[in-house]
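*Asks:* sharing a sequence plus its predicted fold:
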Amino acid sequence: LGAAGEAANPQLRLPLKRAWSLPCDQRTRVFEPPADSPLQGRIYLADEGMLEAVDVGNRGKSAWRRFTMGTVNRILFDKTTIILCSGREARLGISSEERSMTAMAMDGQTGQLLWRLPVFGGAAGAVLAGGVLVVHDGETEIRAYDVTTGRLLWDRRAMCNLSARGWPVAPCVEAGQLHLFASRLHMTWPNGVADSRFDLKTGAMLPVQWLAKGDIISIAGRSGACVGAGEALVCVVGKNRDAAGHVYRYSLANGAVSEVPGVSRMWSLGSSYVMAGNEDDHMRKLLKCDEPAHEYSFDARKPFTFTDGILVQAEGKSGWAVTDTARKRQLATIEVAAGKIGTPGIIRLDEARILLHAAAENEVILKEIDRQSGKVTAEASLPGLAGGHDVRAVSRGSALLVHDAGGLHAFVADPSPPPPVPVSEPGPGTPRL
């Protein structure tokens, strides 16, 4: 690697060698800036009451350390500003009375404190977009702050109950509008699931768009009631009085609504993908929110992992089938030597290559796969790692970060040894050494 924040070779290729290791607890949370952030090349490690910035490309050296208020649950990124969200946010088992959140902004490069918000009691979550930080509780209150100054821009009470029968539904932002999905609007309005919209900058309420009207009383699915995907579609689940669920595709752009047939529940898979199915059925559908044609069915009884359109699922006693769900084509079946391994994970190296990684006994097994041909193009292993089956790996520029029980480790491409110098054949009568 070159100077801090610069990748000497943006193409990560096997084999790898260890560049540095940093001791830290396995409970330490690792946060990465998005791909287009000017903070690329730096990671942020959050532990109890402490945040540390680490330069990946500078041998893992610490750029700065700062004390924080409580446990950092999330870090939101806006250019060089980082927003730390701490406290007890909404999750299963925590009542609205117990929830609270505080947000503080720092300069991601220097660690300088820029502003801090007062504790927001009953907070359910936050969303950052367009230089505006929106925090909301589990009932009706919404507050918007300017990211640069921390100044309150507007404070509104929604014409709906955001808790969705006790569980807050995450808002999303698109084209300067804040979208709040709720199943209970004003008492004089009919039952149904609606998109309650606000202007992000001013807080002005815009006309409500209905996804479904009728005897729908709650938004279901604590693991992902609402999942947004970029400019296009978001999936929402509703439940009516006979407990039958509904999964919808909804266009943020034009309000078009269509129901996904044959499914009643939905689970978020991160990014723009969701998994839909039924409570008493083992078959699942993989859906991409912004591509209605993308639909792939599989049997969820076998262990699986899914990332960026690639499904890896157990095959036999020691194999894993790798499938490109967009092309609906199996890429490869990976056979692993006998012995217990963790469920493989997937890293997208570039448009043409993916890296499959699995934790084995004191090592991580790596296999590089070509997405077009489905062939395994390179294999390697990273020995000497602790923790066995709880290893996390992410791609960062030209380095691979592995977080295990012993700490955080960075691996970089190991250049192939130079080819041997050709030795000329001795001529007649020349003695051989």
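*Replies:* In hand now; what should we look at? Residues are numbered from 1 along each chain as shown.
*Asks:* need the three-state assignment for T377.
*Replies:* strand (DSSP: H, G, I helix; E, B strand; the rest coil).
*Asks:* any weak-confidence spans in the stretch 251-400 of the chain?
*Replies:* 270-271, 336-341, 386-397 (pLDDT under 70).
*Asks:* try 50 this time
*Replies:* 389 (pLDDT under 50).
*Asks:* kindly report the same for the stretch 1-150 of the chain.
*Replies:* 1-9, 90-98.
*Asks:* quick one, strands of it?
*Replies:* 16-22, 29-31, 42-47, 50-55, 61-67, 72-78, 81-88, 100-107, 113-116, 120-121, 123-129, 132-137, 141-146 (DSSP state E, counting those that start in this stretch).
*Asks:* please identify which of those strands is closest to D290.
*Replies:* strand 123-129 (16.7 Å; C-beta to C-beta). C-beta coordinates here come from the backbone N, C-alpha and C atoms, glycine included.
*Asks:* which strands or helices does that closest one pack on?
*Replies:* When contacts are defined as 3 or more C-beta pairs under 8 Å, 6 or more residues apart in numbering; DSSP states H and E, strand 123-129 packs onto strand 72-78, strand 81-88, strand 100-107, strand 132-137, strand 172-174.
*Asks:* distance to R18 and mean neighbour count for the ones you listed - can I get that in JSON lines?
*Replies:* Below are the helices and strands packed on strand 123-129 laid out as JSON lines (distance: least, C-beta to C-beta, whole Å; neighbours: other C-beta atoms under 10 Å):
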{"stretch": "strand 72-78", "distance to R18": "27", "mean neighbour count": "18"}
{"stretch": "strand 81-88", "distance to R18": "28", "mean neighbour count": "21"}
{"stretch": "strand 100-107", "distance to R18": "30", "mean neighbour count": "21"}
{"stretch": "strand 132-137", "distance to R18": "38", "mean neighbour count": "23"}
{"stretch": "strand 172-174", "distance to R18": "40", "mean neighbour count": "19"}
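*Asks:* a markdown table please, covering the ones you listed and showing distance to D55.
*Replies:* Shown next, in a markdown table, are these (distance: least, C-beta to C-beta, whole Å):
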| stretch | distance to D55 |
| --- | --- |
| strand 72-78 | 16 |
| strand 81-88 | 15 |
| strand 100-107 | 15 |
| strand 132-137 | 26 |
| strand 172-174 | 31 |
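*Asks:* wait, doesn't A144 sit right on H136?
*Replies:* No: using C-beta atoms under 8 Å, A144 makes no contact with H136, being 9.6 Å away.
*Asks:* which one of the strands of the stretch 1-150 of the chain lies closest to H179?
*Replies:* Going by C-beta to C-beta, the one of the strands of the stretch 1-150 of the chain nearest H179 is strand 123-129, 9.9 Å.
*Asks:* partners of that closest one in the sheet?
*Replies:* Strand 123-129 has its sheet partners listed here by DSSP bridges as strand 132-137 (antiparallel).
*Asks:* can I get the partner strand in CSV, CA atoms only?
*Replies:* Extracted C-alpha coordinates of strand 132-137, given in CSV (Å, rounded to 0.1, in the frame of the first residue of the first chain):
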residue,chain,number,x,y,z
VAL,A,132,-30.0,16.6,6.6
LEU,A,133,-30.1,14.3,9.6
VAL,A,134,-33.6,13.1,10.5
VAL,A,135,-34.3,11.4,13.8
HIS,A,136,-37.7,10.0,14.8
ASP,A,137,-39.3,8.3,17.8
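*Asks:* next, the angle from that strand to strand 81-88.
*Replies:* Strand 132-137 runs at 10 degrees relative to strand 81-88, counting by axes from the mean of the first three to the mean of the last three C-alpha atoms, to 10 degrees.
*Asks:* what angle do strand 132-137 and strand 100-107 make?
*Replies:* Using the same axes, to 10 degrees: strand 132-137 against strand 100-107 is 170 degrees.
*Asks:* now strand 132-137 against strand 72-78, angle please.
*Replies:* Using the same axes, to 10 degrees: strand 132-137 against strand 72-78 is 150 degrees.
*Asks:* closest to I347 out of the helices and strands packed on strand 123-129?
*Replies:* Nearest of the helices and strands packed on strand 123-129 (C-beta to C-beta): strand 72-78, 20.2 Å.
*Asks:* looking at the strands of the stretch 1-150 of the chain, spot the one closest to A326.
*Replies:* The nearest among the strands of the stretch 1-150 of the chain, by C-beta to C-beta, is strand 123-129 at 26.9 Å.
*Asks:* what pairs with the residue nearest to G255 when sequence neighbours are not counted across the strands?
*Replies:* In space, and not counting its chain neighbours, G255 is closest to Q209: 4.7 Å by C-beta to C-beta, 6 or more residues apart in numbering. Q209 has these beta-bridge partners by DSSP bridges: D195.
*Asks:* and Q209, what does it touch?
*Replies:* Taking C-beta atoms under 8 Å, 6 or more residues apart in numbering, we find Q209 in contact with A194, D195, R197, G255.
*Asks:* report the beta-bridge partner residues of I142.
*Replies:* With DSSP bridges as the rule, I142 is bridged to H136, R156.
*Asks:* my bad, I346
*Replies:* Going by DSSP bridges, I346 is paired in beta bridges with L356.
*Asks:* contacts only, for it.
*Replies:* So I346 contacts T305, F306, T307, D308, I310, V312, I354, L355, L356, H357 (C-beta under 8 Å, 6+ apart).
*Asks:* distance check, it against R353.
*Replies:* According to C-beta to C-beta, to the nearest Å, I346 and R353 sit 11 Å apart.
*Asks:* so I142 touches R156, yeah?
*Replies:* Yes: with contact defined as C-beta under 8 Å, I142 reaches R156; the gap is 5.0 Å.
*Asks:* which of the two has more neighbours?
*Replies:* I142 (20 against 16; other C-beta atoms under 10 Å).
*Asks:* quick one, what contacts the more buried one?
*Replies:* V134, V135, H136, D155, R156, R157, A158, L162, L178, L180, F198, G203.
*Asks:* if we can go back for a sec, for F411, which of the helices and strands packed on strand 123-129 is the nearest?
*Replies:* strand 72-78 (23.9 Å).
*Asks:* list the helices and strands the closest one packs on?
*Replies:* Strand 72-78 packs on strand 29-31, strand 42-47, strand 81-88, strand 123-129, going by 3+ C-beta pairs under 8 Å, 6+ apart.
*Asks:* run the angle between the second one and strand 50-55 for me.
*Replies:* To tie it back to what came earlier, the one meant is strand 42-47. Using the same axes, to 10 degrees: strand 42-47 against strand 50-55 is 160 degrees.
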